[in-house]
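Student: 3D model of this:
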Amino acid sequence: MRTFIKPKKKQDEEKIEIRIDADVLESLRAYALFLDSPQGYIVSEVLRMVFRKDRAFAEWRKVGTAGAAENEGGAAAEAPSAKRARQS
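Tutor: Model (predicted):
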């Protein structure tokens with residue numbers, strides 16, 4: 001049976017603390033058991049998938065990273081959602 005997430009490879013890891021909805025946590029725990037993999041690995045792989053597929057984010061990141069050096073304060077480019085919110 002094919003799954004969306006491949007078996008874990010050894011990588012450098014950092015610890016973060018987040019809050020997620022209880023139903024999402026329940027599904028995460030079940031998926032971790034299903035794959036016999038740590039929850040952090042599953043979250044990392046899902047985020048990698050999102051980062052690869054989100055073209056708007058990729059473009060924003062490319063412009064934001066390049067634009068940071070050009071800004072006087074060195075701040076990264078503003079996210080598109082922040083621009084839209086300010087225009088409302």
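
Student: for this protein, what spans make up the helices?
Tutor: Assigned by DSSP state H, the chain shows helices spanning 22-35, 39-53, 55-70, 80-87.

Student: format those as CSV; extra columns: mean neighbour count and distance to residue 14.
Tutor: (Glycine included, C-beta is placed from N, CA and C.) Shown next, in CSV, are the helices of the chain (neighbours: other C-beta atoms under 10 Å; distance: least, C-beta to C-beta, whole Å):
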stretch, mean neighbour count, distance to residue 14
helix 22-35, 12, 18
helix 39-53, 13, 10
helix 55-70, 12, 19
helix 80-87, 9, 26
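
Student: and residue 13, which of the ones you listed is closest to it?
Tutor: helix 39-53 (6.7 Å; C-beta to C-beta).

Student: and the angle from the closest one to helix 22-35?
Tutor: Helix 39-53 runs at 100 degrees relative to helix 22-35, counting by axes from the mean of the first three to the mean of the last three C-alpha atoms, to 10 degrees.
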